[in-house]
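K.L.:
Just the structure for this:
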Amino acid sequence: MTIYYVIRFHASFSLVDAYFRSLSSLIKKPFGKALRCVQFADYIQYSFKESGYENPEEYMAEFLIDLMNDTPKSSAGPNMDNFDWPTNGAEQVADMFRDDMIKADEEPWLIGMGISLWMEYLEKTGKQVKKPDNYVAGLRYLVSTIAPVKENLTQKEFGELYGINANRVSTYYGEIYDAVEKTIIELIESSNS
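P.N.:
Have a look, this model is predicted:
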């Protein structure tokens, strides 16, 4: 059983479902070792058996966030070679985002979430990326506002990191947020239920 079907035990996890669907639409070939789905499924099944819960839906409702954090992860983050990017600029942003998040020692699931949000943004807006640093700063700030990151910087600090001013970070953050707001709301609601 793959992680997708394990997580589908509970219908309220629509964000996780959407996340896997969006990833599968971007992939040219299987992830292979990058996501290690079999390892994830095994870990989740083992964890469920050890928990003492009888109902997998109740277990997933209670422990999904913990499982996402504890599940064995690839230390390198997502393999960007498997994504079909609409433009070179879009790919540059994803590569920079991934590399910078790895340098900041962020969790691979955060990197995957950010890349998924980035791709959703591109699909909804069709934007042509001319200044990747601006988008990376906005995307990193966005991820830091919705998930527990280790490098929790202000807009000004992200601006300094990417050589732009805080207003630019705010503009690009807002642009990305507006396009993916529904997904972010689903993420927050599913983590609170």
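
K.L.:
buried stuff in the helix or strand hosting Y173?
P.N.:
Assigned by DSSP states H and E, Y173 belongs to helix 166-192. Using 16 or more other C-beta atoms under 10 Å as the test for burial, helix 166-192 gives 166, 168-173, 175-177, 179-180, 183-184, 186-187, 190. Bear in mind the C-beta positions are built from the backbone N, C-alpha and C, glycine included.

K.L.:
Which elements pack onto that helix?
P.N.:
The contact analysis (3 or more C-beta pairs under 8 Å, 6 or more residues apart in numbering; DSSP states H and E) places helix 166-192 against helix 14-26, helix 56-70, helix 108-125, helix 132-146, helix 155-162.

K.L.:
Quick one: mean pLDDT over that helix.
P.N.:
When pLDDT is averaged along helix 166-192, the result is 90.

K.L.:
Please work out which of the helices and strands packed on helix 166-192 is packed deepest.
P.N.:
helix 132-146 (a mean of 23; mean count of other C-beta atoms under 10 Å).

K.L.:
helices and strands around that helix, which ones?
P.N.:
By 3+ C-beta pairs under 8 Å, 6+ apart, helix 132-146 packs against helix 88-103, helix 108-125, helix 155-162, helix 166-192.

K.L.:
what angle separates the second one from helix 132-146?
P.N.:
With axes from the mean of the first three to the mean of the last three C-alpha atoms, to 10 degrees as the basis, helix 108-125 and helix 132-146 are set at 120 degrees to each other.

K.L.:
One more: the third one?
P.N.:
Inter-element angle recorded for helix 155-162 and helix 132-146: 140 degrees (by the same axes, to 10 degrees).

K.L.:
tell me the angle helix 155-162 makes with helix 88-103.
P.N.:
Orientation check (the same axes, to 10 degrees): helix 155-162 against helix 88-103 gives 110 degrees.
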